[in-house]
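Peer 1: Have a look; sequence and predicted model below, questions after that.
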Amino acid sequence: MDCIFCKIANHEIDSEKVYEDDEVIAFNDLDPQAPVHVLIIPKEHISSTNELTLENKDIVGKIFMIASKIASDRSLDKGYRIVNNCGEDGGQTVEHLHFHLLGGRNMKWPPG
Ligand code: 5GP
Ligand code: ZN
């Protein structure tokens, strides 16, 4: 399968790694939208939020805990945002489930 995030998870493509364990990898976004912009992904290929099931759902909770840990490590004491884009209208461009951790500046709401 030609999935760029699977290749990053398998270390076939370089990334600026922030965190890794047997199930999850986190790395800096290539095109950062904030001073801290980390992508956190399951190593398992899950195409999007729409492919979550009772079998694989627990990885999402784990990813949120890792996001909180990274935010703490980066001293995002004033807060941060976790974003999941799903599908065309959601702005998803890479079809491998991922969560953006954004911080280091004030986030606007609603997003554009
Ligand atoms: P999406 O728009 O699907 O929610 O987010 C995909 C993100 O992946 C974008 O923010 C984009 O900058 C990032 N991205 C795409 N290709 C690569 C890559 O090869 N390496 C890294 N580090 N980030 C990537
Ligand atoms: Zn993948």
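Peer 2: Okay, I see it. Numbering: from 1, shown residues only. Ligands and ions are numbered 1, 2, ... in the order given.

Peer 1: Report the next helix or strand after the top strand by length along the chain in sequence order.
Peer 2: Looking across the chain with DSSP state E, the single longest strand is strand 36-42. Counting by DSSP states H and E, the next helix or strand C-terminal to strand 36-42 is helix 58-73.

Peer 1: near ligand 1, which residues of the protein?
Peer 2: Contacts of the chain with ligand 1, taken as CB under 6 Å from any ligand atom, map to 4, 15, 27-31, 39, 85, 91-94. Every C-beta, even on glycine, is put in place using the N, C-alpha and C of the backbone.

Peer 1: Now which of these would you call buried?
Peer 2: Neighbour-count burial (16 or more other CB atoms under 10 Å) applied to those gives 15, 27, 29, 39, 85, 92.

Peer 1: could these be laid out in a markdown table, adding secondary structure and pLDDT?
Peer 2: Below are those laid out as a markdown table (DSSP: H, G, I helix; E, B strand; the rest coil; pLDDT from 0 to 100):
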| residue | secondary structure | pLDDT |
| --- | --- | --- |
| 15 | coil | 98 |
| 27 | strand | 98 |
| 29 | coil | 98 |
| 39 | strand | 99 |
| 85 | coil | 98 |
| 92 | coil | 98 |
